[in-house]
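*Asks:* test case, fold it:
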Amino acid sequence: MSQQNREIVEKINNAFLAGSTEGFLEHCSEDVVWVMEGEKTTEGKSAIREWMSQMEGSEPPKFSVKKMIAGGDSVACFGEMSMDQPPGAAGTYSYCDVYEFAGGKVAELRSFVVKHKTDGESGEQAAVL
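*Replies:* Predicted coordinates:
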């Protein structure tokens, strides 16, 4: 099961890179819950589709997966991401997505996204403890 779920997350990541909302949603249950930690929770395919449609026309985020860990009905992946939207949020981020599966579909996605702090003009990352 772990390997199958890992392959689904790889397909989802490819859909995100292509800016394909439907490519993501085809792997989700109808009552999927997407929690953007510290921001918002969106429940159900219809609500997620509507929320993601607000980003249509903008460049999809560019990201790399540094590591993916799969076990049982869970898959976690983390890495770096850059995006130009939403307005005022352009920059580089670190992310971790945790997927929970039920019946071969994503039942819950929990996303942790942290914007990198930079040292103003130099662009060097500041140390964050």
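
*Asks:* okay, CA-based contacts and neighbour counts for the rest of this
*Replies:* Noted.

*Asks:* quick check: closest non-adjacent residue to residue 70.
*Replies:* residue 2 (5.4 Å; C-alpha to C-alpha, 6 or more residues apart in numbering).

*Asks:* what about that neighbour, how many residues nearby?
*Replies:* By other C-alpha atoms under 10 Å, 15 other residues sit near residue 2.

*Asks:* show me what contacts it?
*Replies:* Neighbouring residues of residue 2 by C-alpha atoms under 8 Å, 6 or more residues apart in numbering: 70, 71, 72, 73, 74, 75.

*Asks:* surely residue 98 is in contact with residue 73?
*Replies:* No. Between residue 98 and residue 73 there is no contact under C-alpha atoms under 8 Å: 10.6 Å.

*Asks:* mind listing what the spatially closest residue to residue 105 that is not a sequence neighbour touches?
*Replies:* Nearest residue to residue 105 in three dimensions, chain neighbours excluded: residue 28, at 4.9 Å (C-alpha to C-alpha, 6+ apart). Neighbouring residues of residue 28 by C-alpha under 8 Å, 6+ apart: 45, 105, 106, 107.

*Asks:* need the contact partners of stretch 79-98.
*Replies:* The contact list for stretch 79-98 (C-alpha under 8 Å, 6+ apart) reads 55, 58-67, 74-78, 109-116.

*Asks:* would residue 32 count as being in a strand?
*Replies:* Yes. Under DSSP: H, G, I helix; E, B strand; the rest coil, residue 32 sits within a strand.

*Asks:* pLDDT score assigned to it?
*Replies:* Reported pLDDT at residue 32 in the predicted model: 98.

*Asks:* coming back round to it: may I see the contacts of residue 28 organised as a markdown table, with pLDDT added?
*Replies:* Shown next, in a markdown table, are the contacts of residue 28 (pLDDT from 0 to 100):
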| residue | pLDDT |
| --- | --- |
| 45 | 97 |
| 105 | 98 |
| 106 | 98 |
| 107 | 98 |
